[in-house]
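*Asks:* Quick one, structure for this:
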Amino acid sequence: MVSVIETQRRLLGDAVRNRAFAEAIGRAVRPGRTRVADLGTGTGFLAILCARAGARHVWACEVDAGLARLARQVIAAHGAAVEVVHGHSTRLAPPAPVDLIVAEIFGHIATEEHLIESLVDARRWLAPGGRVIPRSVTQWLCPVIAPEIDEDIDVFHAERTGEPGIDLALVRQVALQNAYVRRVPPAALLAAGEAAQAVDRLRFPGQEASRRRGRARWSLPATTIYGWCLWWEAELWEGVRLSTSPLAPPTHWEQVYLPLLEPLRARTGDSVACELVWDTRWDRGCALQWRGTLRRGAQELVRFAMDNRIGVLPA
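*Replies:* Down below sits the predicted model:
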């Protein structure tokens, strides 16, 4: 289990993330005028950046009681004027409407930590004309054509277990229906990642839906597809972007690998289509399906369907 403070350690050690948010906050905050709400403040790092940028008032909330206490101590040590409140953002509100909401609640899959649900609810905090960091988020998908990542994950055969007498096919059927966090090199991707397609776009503040669907299709060379690489790019503010792309400077989020049960072997001119279906409603966690077809002209060669609801065993 990854502890709360270990998660914060990874965030704080991510200089790419920190610089992007510092630049966005610096551009967004008008000294002495901007009232800010920091949704999910963690250790208070972003709230301190807001106060340092000259915000008129900074209010921050944190759902973890221990982190909220720690944030108060860190903020006090910096002499920053920030009010920290413990509780879930959906049950709280700043003392007055704010001009800016800052929220760094990205997951490896952009929306897995309830980014949509939190920011849709938090619109009630905004004064007229109020804005949000991030402004928009785009999720990208690209076929993985190198076997190394798949070989690292697919350990369910005798050569890896060392026990040829035990059949793990049923375990494999469950285990591969999961999203795996990995660093995917550009060379492992179709057209070295340049073939990536956008499969989802979000804008904030906005009434974005928790249930979402995105589709992409590629015309292929002769190749083998082992799975899919998923990443996101956020526009934090005008001209300030933060990306988990394998083509961008590396972050602690890395990329997400979506396996297939069997590789897709394509000839030149074949096409592959992939549809992603998300459901991040509060009671669903992050339900994700990836499914599609490999075609040769009008002929359907292979149909695949993966579902992380199968891959997550109930407690």
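*Asks:* Would you agree His78 is in contact with Ile48?
*Replies:* Yes - contact criterion Cβ atoms under 8 Å: His78 and Ile48 qualify, at 5.5 Å. All C-beta spots, glycine's among them, are computed from the backbone N, C-alpha and C.
*Asks:* Between these two, point out the one with more neighbours.
*Replies:* More crowded of His78 and Ile48, by other Cβ atoms under 10 Å: Ile48, with 23 against 14.
*Asks:* shouldn't that one be in contact with Val82?
*Replies:* Yes - with contacts defined as Cβ under 8 Å, Ile48 counts as touching Val82 at a distance of 7.1 Å.
*Asks:* any residues in contact with both of those two?
*Replies:* Among the neighbours of Ile48, those also in contact with Val82 (Cβ atoms under 8 Å, 6 or more residues apart in numbering) are Ile75.
*Asks:* per the record, what domains does the chain have?
*Replies:* Following automatic domain parsing, the chain resolves into domains at 4-104, 137-311.
*Asks:* Quick check: which of those domains is buried the most?
*Replies:* domain 4-104 (a mean of 19; mean count of other Cβ atoms under 10 Å).
*Asks:* got the end-to-end distance for that domain?
*Replies:* 15 Å (Cα to Cα, to the nearest Å).
*Asks:* what does stretch 260-277 give?
*Replies:* Stretch 260-277 end-to-end distance (Cα to Cα) = 16 Å.
*Asks:* Stretch 238-248 now?
*Replies:* 18 Å.
*Asks:* Tell me how far stretch 72-84 lies from the chain's centre.
*Replies:* Stretch 72-84 has its C-alpha centroid displaced from the chain centroid by 28 Å (Cα atoms, centre = their mean, to the nearest Å).
*Asks:* Then stretch 49-60?
*Replies:* 26 Å.
*Asks:* can you list the residues that contact that stretch?
*Replies:* 21-22, 25-26, 29-38, 41, 44, 47, 71, 75, 78, 80-85, 94-96, 98, 100, 102.
*Asks:* picking that back up, right, so of the domains of the chain, which gets closest to Leu119?
*Replies:* With Cβ to Cβ as the criterion, Leu119 lies closest to domain 137-311 of the domains of the chain, at 5.1 Å.
*Asks:* Just the mean pLDDT for that closest one, thanks.
*Replies:* Averaging pLDDT along domain 137-311 gives 97.
*Asks:* picking up where we left off before, let me have the domains of the chain in TSV, extended by distance to Ala122.
*Replies:* Formatted as TSV, the domains of the chain follow (distance: least, Cβ to Cβ, whole Å):
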stretch	distance to Ala122
domain 4-104	6
domain 137-311	8
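*Asks:* most residues in a single strand of this protein, which one?
*Replies:* Identified as the longest strand of the chain according to DSSP state E is strand 223-237.
*Asks:* What strands flank that strand, and is each parallel or antiparallel?
*Replies:* strand 136-144 (antiparallel), strand 240-243 (antiparallel), strand 255-266 (antiparallel) (DSSP bridges).
*Asks:* Mind putting these into a markdown table with distance to Gly129?
*Replies:* Compiled in a markdown table, the strands paired with strand 223-237 are given as follows (distance: least, Cβ to Cβ, whole Å):
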| stretch | distance to Gly129 |
| --- | --- |
| strand 136-144 | 18 |
| strand 240-243 | 20 |
| strand 255-266 | 35 |
